[in-house]
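Participant: Task: produce atomic coordinates for the following.
(one chain, ligands or ions: 1)
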Amino acid sequence: MKIVVLTGAGISAESGLGTFRDVDGLWTKYDLNDVATPEGFARDPALVHDFYNARRRNCQESGPNAAHHALARLEKSKAHVLTIVTQNVDDLHERAGSQAVIHMHGQLMRALCAACGARWDAPAVMHPADPCPTCAVPATRPDVVWFGEIPYAMDEISALVAASDLFVAIGTSAEVYPAAGLVEMAQGETLELNLKPSARANSFGARRFGPATEVVPEWVGEMLN
Ligand code: BV8
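Facilitator: Below you'll find the model as predicted:
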């Protein structure tokens, strides 16, 4: 089967990376308008770099959990054709061994030059005055998609979801579009694996609730048998 798995912050929660909308989530500590919009970056680039420097450090100090490893196992088994579309900017899927991963909201470990569009591996700590390694203009930013910006690879993602036999959403509140709307494009079966029903739970043919480190390995085990 062709399977597309959409992951959100919930799959990385048990790795110690904050989610956004849970109790003590990131958006309860920071105003997303200050740290996850182009306007916020223009207003106070140092605050935005501090926000992403802290998340980059947290990500480097954490590691993939049983849910990430289960998805890597499913891909490696070649029992099905699996593509992971992730809203997450962490690199935990890759560190678990997954290869077919599309980061629709960019990557914490990548940097982007707002002046010339160059991309490179982000240093651990970024500062507003850092010159772009290509054009030398101090216009460097994390290579992540902020609110009001267009997510990456949407054409490829839409085609993959439309052609999938099974679309699975894991650990996402389905509050952010266009990611939350992908389930509408699925022509095959749909399954939600989450701690609790998401905003789009009723759009899925099946739903299972529990921590990702329990429900994802259980589901992968069924797909491999
Ligand atoms: C777009 C990257 C146009 C950075 C993120 C006004 C102006 C402009 C746009 C808009 C507007 N009004 C609305 C919009 C659209 C906007 C939007 O949806 N806003 C929301 C707030 C209403 N979207 C955009 O702006 C997008 N761009 O629309 O461009 C366009 C689109 C298509 C084509 C052409 C043009 C861009 C959105 C991307 C923003 N960037 N992240 C960063 O990470 O800092 S968003 C960020 O939050 C994540 O990437 C993710 O996508 C999003 C949602 O987070 P989740 O992953 O779902 O996490 P959350 O905390 O919400 O939920 C966690 C879930 O896990 C919960 O359900 C919980 O129960 C569960 N969970 C917790 N623990 C566990 C668990 N599950 C399992 N196990 C556990 N242990």
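Participant: Now for the residue positioned nearest the centre of the chain: which residues touch it?
Facilitator: Ranked by distance to the mean C-alpha position of the chain (CA atoms, centre = their mean), the top residue is residue 88 at 1.7 Å. Neighbouring residues of residue 88 by CB atoms under 8 Å, 6 or more residues apart in numbering: 7-9, 11-12, 103, 105. No exception for glycine: its C-beta is placed from N, CA and C like everyone else's.
Participant: Try it again at 7 Å.
Facilitator: The contact partners of residue 88, by CB atoms under 7 Å, 6 or more residues apart in numbering, come to 7-9, 12.
Participant: Then residue 162?
Facilitator: The contact partners of residue 162, taken as CB under 7 Å, 6+ apart, are 185, 187.
Participant: Over to the one 10 residues further on?
Facilitator: Contacts for residue 172 were tallied using CB under 7 Å, 6+ apart; they are 6-8, 10, 87, 179, 198.
Participant: Apply 8 Å and report the result again.
Facilitator: Counting by CB under 8 Å, 6+ apart, residue 172 has contacts 6-10, 87, 179-180, 194, 198.
Participant: Give me the pLDDT for the residue nearest to residue 188 when sequence neighbours are not counted.
Facilitator: In space, and not counting its chain neighbours, residue 188 is closest to residue 165: 4.2 Å by CB to CB, 6 or more residues apart in numbering. For residue 165, the pLDDT comes out at 98.
Participant: what's in contact with stretch 5-14?
Facilitator: Outside stretch 5-14, the residues that touch it by CB under 8 Å, 6+ apart are 17-20, 22, 25, 62, 65-68, 71, 82-88, 90, 92-93, 167-173, 179, 182, 194-195, 211-213, 216.
Participant: so of those, which ones are in strands?
Facilitator: Under the assignment DSSP state E, these contribute 82-86, 167-170, 194 to strands.
Participant: from these, which single one is nearest residue 142?
Facilitator: Of all those, residue 86 has the smallest distance to residue 142: 15.7 Å, by CB to CB.
Participant: distance of that closest one from the ligand?
Facilitator: Residue 86 sits at a distance of 8 Å from the ligand (criterion: CB to the nearest ligand atom, to the nearest Å).
Participant: Then residue 184?
Facilitator: Using CB to the nearest ligand atom, residue 184 is found at 13 Å from the ligand.
Participant: Just list the residues touching that residue, thanks.
Facilitator: Contacts of residue 184 (CB under 8 Å, 6+ apart): residue 203.
Participant: per-residue confidence at residue 22?
Facilitator: 81.
Participant: how much space between it and the ligand?
Facilitator: 5 Å.
Participant: for this structure, which helix is longest?
Facilitator: If you go by DSSP state H, the chain has its longest helix at helix 45-61.
Participant: Keep only those of the contacts of residue 88 that are in helices.
Facilitator: Using DSSP H, those in helices are residue 12.
Participant: any chance of the contacts of residue 88 in JSON lines, with neighbour count too?
Facilitator: Formatted as JSON lines, those follow (neighbours: other CB atoms under 10 Å):
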{"residue": "7", "neighbour count": "29"}
{"residue": "8", "neighbour count": "27"}
{"residue": "9", "neighbour count": "22"}
{"residue": "12", "neighbour count": "26"}
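Participant: Out of the contacts of residue 88, the closest to residue 33 would be?
Facilitator: So of the contacts of residue 88, ranked by how close each gets to residue 33 (CB to CB), first place is residue 9, at 18.4 Å.
Participant: Please report phi then psi for the nearest residue to residue 144 once chain neighbours are set aside.
Facilitator: With CB to CB, 6+ apart as the criterion, residue 144 has its nearest non-adjacent residue at 3.7 Å, and that residue is residue 106. Dihedral pair for residue 106: phi 80, psi -170, per degrees, to the nearest 10.
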